[in-house]
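Q: my questions are about this predicted structure, shown below with the sequence.
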Amino acid sequence: MEKYITVTGASYYYGMKPLCAGVVIKCVKEPGNEYDGEAIRVEMPYLGLVGYVANSPRTCANGTMSAGRIYDTVGDSFFARVLFTTQTKVIARVLEAAAADIEEMFDELSRTFYACGTSGDEALPEDDASSPEDER
């Protein structure tokens, strides 16, 4: 069974822009969180904390699992791929592949992080930080 999650709170960190479709995010349980014993933080390469997995009916989008529902079905950390965003929420699919494979993919995606919006197959050259807008 595929699992979907809602990521909220992005506006408190870096906004929605880094969380574009196709990006892989790392979700890490945060058992010591003073506000929520089932908190799951969402991290991205270079940025660190970018939000949390939603854990209330008010913040959890229909058809997605709350942090409380998914907490006991995943390890201490897991990965998800962003499918789409709304103005305030990010919807992501939990990746079920072996953690080592995903960790390797996550590290590779870290190198192409600022190529947000690509399919993940192509990457910006490491020495060329210009964007297509610079070419106008």
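A: Good, I have the coordinates.
Q: C-alpha from now on. contacts and neighbour counts both.
A: Fine.
Q: which residues touch the residue nearest to residue 76 when sequence neighbours are not counted?
A: Excluding the flanking residues, the one nearest residue 76 by Cα to Cα, 6 or more residues apart in numbering is residue 29, at 5.4 Å. Listed by Cα atoms under 8 Å, 6 or more residues apart in numbering, the contact set of residue 29 reads 38-41, 71, 76-77.
Q: partners of the nearest residue to residue 89 once chain neighbours are set aside in the sheet?
A: Counting by Cα to Cα, 6+ apart, residue 89 lies nearest to residue 8, which is 5.4 Å off, once chain neighbours are set aside. Beta-bridge pairing for residue 8 (DSSP bridges): residue 52.
Q: thinking again about what came up before, and of the contacts of residue 29, the nearest to residue 48?
A: Of all these, residue 48 sits closest to residue 41, with 9.5 Å by Cα to Cα.
Q: ok, and the closest non-adjacent residue to the closest one?
A: Per Cα to Cα, 6+ apart, closest to residue 41 is residue 52, 4.5 Å.
Q: per-residue confidence for residue 58?
A: At residue 58, the model reports a pLDDT of 93.
Q: got it, and the one 3 residues further on?
A: Reading off the per-residue confidence, residue 61 sits at a pLDDT of 95.
Q: re the thing from before, burial count for the residue nearest to residue 89?
A: 23 (other Cα atoms under 10 Å).
Q: quick check: it touching residue 56?
A: No - in this structure, residue 8 is not within contact of residue 56 by Cα atoms under 8 Å, at 10.5 Å.
Q: and stretch 33-49, how far out from the chain's middle?
A: 11 Å (Cα atoms, centre = their mean, to the nearest Å).
Q: what sits up against that stretch?
A: For stretch 33-49, the surrounding residues in contact (Cα under 8 Å, 6+ apart) are 7, 13, 24-31, 50-53, 55, 67-68, 71, 107, 110, 113.
Q: quick check, central residue of this structure?
A: Nearest to the geometric centre of the chain sits residue 25, at 2.9 Å (Cα atoms, centre = their mean).
Q: ok, the helix or strand hosting that one: who's next to it in the sheet?
A: Using DSSP states H and E, residue 25 maps to strand 24-29. Here strand 24-29 is paired, per DSSP bridges, with strand 40-44 (antiparallel), strand 77-85 (antiparallel).
Q: I appreciate the help and will end here.
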